[in-house]
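Asks: just coords:
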């Protein structure tokens, strides 16, 4: 059973503002979309400059999260909510699905929607609905048997 | 110089995911549990990010070109097709099962728990599998 988590609006809004500023800074400086699935794949499948800027972004992401975790304690006690085989299966379909659908929560859900991209609106509504249904099935129909 | 800006952008992103609590898959999966122990935090994270990027992108894109590149690299596809929908359905399933999307999965690596590393490795394998199976390119 996954524990209930408290609704923390100030932390959520503050974190969201930082994510928005990150996307703006990346667009303003190098003209790129802050879509993490695309950045990760581009970093491991490209060479040269197309790889390098993505490696710097990912490096920054690790540094920023480490500092924020150290200051806020937000990662203390964080554990996976799925079994190891389920984590592997979920990772595979997240990777496959984000390539097939051209993006994830950051690329479609933040960057795309804010540019009024219809594709991103459709993708975001779809993966949200899929996520709601998936969690409903595993928690309320199957009873956390996974 | 451009790498300094890109690294700072990455750091802001990682800090935002972390302080918002999105590095905790329990919080994300609870957001997706509309009919159970719903935690609305993720909606506020996205809403706040959009409140910054919606006016911000308008302003930045009006400048004509970025500081360190010849052009803005924006997606050009406009069609709503089966690939977009099927990909989003699959991504949503994996997101729901694990409580992880790509950025929080990277952040969660700092916990040291081995199954987060397996998730990220599987995610990258899934990306290559898509390219190999659907686009006919080898790794």
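Replies: Yep, it's here. Note that this is a predicted model, so its numbers are computed, not measured.

Asks: element containing residue B:76?
Replies: Residue B:76 is part of no helix or strand when elements are defined by DSSP states H and E.

Asks: let me see the domain layout of chain A.
Replies: Following automatic domain parsing, one gets these domains for chain A: A:7-78, A:79-146.

Asks: residue B:26 is nearest to which of these?
Replies: domain A:79-146 (5.4 Å; CB to CB). All C-beta spots, glycine's among them, are computed from the backbone N, C-alpha and C.

Asks: gap between residue A:69 and chain B?
Replies: Counting by CB to the nearest CB, to the nearest Å, the gap from residue A:69 to chain B is 5 Å.

Asks: could you find the closest non-adjacent residue to that residue?
Replies: In space, and not counting its chain neighbours, residue A:69 is closest to residue A:75: 4.1 Å by CB to CB, 6 or more residues apart in numbering or on different chains.

Asks: so who does that neighbour touch?
Replies: If you count contacts by CB atoms under 8 Å, 6 or more residues apart in numbering or on different chains, residue A:75 has them with A:65, A:69, B:18, B:23-24, B:107-108, B:110-111.

Asks: out of the residues you listed, who has the most neighbours?
Replies: residue B:18 (32 neighbours; other CB atoms under 10 Å in any protein chain shown).

Asks: what helix or strand is that residue on?
Replies: Going by DSSP H and E, residue B:18 is in helix B:2-19.

Asks: and that helix, what does it pack onto?
Replies: Judged by 3 or more CB pairs under 8 Å, 6 or more residues apart in numbering or on different chains; DSSP states H and E, the packing partners of helix B:2-19 are helix A:9-30, helix A:48-72, helix B:102-108.

Asks: quick check: buried residues in that helix?
Replies: B:2-3, B:5-19 (16 or more other CB atoms under 10 Å in any protein chain shown).

Asks: quick one: mean pLDDT over it.
Replies: The pLDDT scores in helix B:2-19 average 98.

Asks: likewise stretch A:39-59?
Replies: For stretch A:39-59, mean pLDDT rounds to 96.

Asks: now do it: distance to the chain's middle.
Replies: Centre-to-centre, stretch A:39-59 and its host chain are 17 Å apart (CA atoms, centre = their mean, to the nearest Å).

Asks: do it and chain B come into contact?
Replies: Yes: for stretch A:39-59, a contact with chain B is found by CB under 8 Å from any CB of the partner chain, at A:40-41, A:44-45, A:52-53, A:56-59.

Asks: residues in contact with the closest residue to residue B:24 other than its chain neighbours?
Replies: Using CB to CB, 6+ apart and skipping the chain neighbours, the partner closest in space to residue B:24 is residue A:78 (4.7 Å). Residues counted as contacts of residue A:78 (CB under 8 Å, 6+ apart) are B:23-26, B:108, B:111, B:113.

Asks: pop out the phi and psi values for residue A:78.
Replies: phi -80, psi 130 (degrees, to the nearest 10).

Asks: state the distance from it to residue A:23.
Replies: Per CB to CB, to the nearest Å, residue A:78 is found 24 Å from residue A:23.

Asks: again with residue B:106
Replies: Shown here: residue B:106 relative to residue A:23, a distance of 16 Å by CB to CB.

Asks: likewise for residue A:30?
Replies: Separation of residue A:30 from residue A:23 (CB to CB) stands at 12 Å.

Asks: quick one on the thing from earlier: mind checking what helix or strand follows the helix holding residue B:18 in sequence?
Replies: Later in the chain than helix B:2-19, the nearest helix or strand by DSSP H and E is helix B:25-31.

Asks: low-scoring stretches of chain B, by residue?
Replies: Scanning chain B with the threshold set as pLDDT under 70 gives B:138-139.

Asks: if we can go back for a sec, which one of the contacts of residue A:75 is nearest to residue A:36?
Replies: Distance to residue A:36, by CB to CB, is smallest for residue B:107 among the contacts of residue A:75, at 10.1 Å.

Asks: the closest one touches residue A:61, doesn't it?
Replies: Yes: the pair formed by residue B:107 and residue A:61 meets the contact definition of CB atoms under 8 Å, at 7.4 Å.

Asks: overlap of the contact sets of the two?
Replies: Residues touching both residue B:107 and residue A:61 (CB under 8 Å, 6+ apart): B:14, B:17.

Asks: spatially nearest residue to the spatially most central residue of chain A (excluding sequence neighbours)?
Replies: Among the residues of chain A, the one closest to the centroid is residue A:105, at 5.2 Å (CA atoms, centre = their mean). Residue nearest to residue A:105 in three dimensions, not counting chain neighbours: residue B:101, with 4.6 Å by CB to CB, 6+ apart.
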